[in-house]
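In: Sequence and predicted structure, then a few things I'm wondering about:
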Amino acid sequence: MKRALLILGHGSQAREADAIFEKIVEMVKEITSFEMVGMGSLQISKPSFEDGISELIEKGAEQIIIVPMFIFKGNHVKFDIPEKLEEIKDKYPHIEFRMANHIGADERIATIIEERAREVIGA
């Protein structure tokens, strides 16, 4: 079974935000064991959630794991993403979709915050 990873971002009008998202996706590609890695955005940015899924399916994905790159479990994670995923599942009934947990409160984020603070004071 060809397994793919789709990283789902929020989307933004800011080009810098899109560039950072693309860079994160490229970093994941470098370390992952998934056969394919794609990206999609819930709002504004391209590719959209559905377009990102379509691209992976066109490349032969049979199972797609979706990781929402969201820190908070707000309305997007609780409602919008699951609702959109149900629409996508209806369109692609032959594909297995699994949704991973959002990023959330992960101790690795605390480490990054500490490192950024230390950079400012030169420690």
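Out: Thanks, I have the structure now.
In: residues contacting Phe97?
Out: Gln63, Ile64, Ile66, Leu85, Ile88, Lys89 (C-beta atoms under 8 Å, 6 or more residues apart in numbering). From N, CA and C alone the C-beta is placed, and that goes for glycine too.
In: and with 7 Å instead?
Out: Ile64, Ile66, Leu85, Lys89 (C-beta atoms under 7 Å, 6 or more residues apart in numbering).
In: Leaving out sequence neighbours, find the closest residue to the first one.
Out: Going back to what we said before, that points to Ile64. Once flanking residues are discounted, Ile64 sits nearest to Ala4: 4.9 Å by C-beta to C-beta, 6 or more residues apart in numbering.
In: Need the three-state assignment for that neighbour.
Out: Secondary structure, DSSP: H, G, I helix; E, B strand; the rest coil: Ala4 is strand.
In: quick revisit: give me the buried entries from the contacts of Phe97.
Out: With neighbours counted by 16 or more other C-beta atoms under 10 Å, the contacts of Phe97 contain buried members at Ile64, Ile66, Leu85.
In: What segments of this structure are strands?
Out: Here the chain has its strands, by DSSP state E, at 3-9, 36-41, 63-68, 96-99.
In: one step back: quick check: beta-bridge partners of the residue nearest to Ile64?
Out: Met36, Ile64 (DSSP bridges).
In: ditto for the one 4 residues further on
Out: On the basis of DSSP bridges, Leu8 is bridged to Gly40, Pro68.
In: doesn't Ile64 make contact with it?
Out: No. With contact defined as C-beta atoms under 7 Å, Leu8 does not count as touching Ile64 (10.6 Å).
In: Please report the distance of Leu5 from Lys59.
Out: To Lys59, Leu5 is 12 Å away according to C-beta to C-beta, to the nearest Å.
In: Look at the two and report which has more neighbours.
Out: More crowded of Leu5 and Lys59, by other C-beta atoms under 10 Å: Leu5, with 23 against 12.
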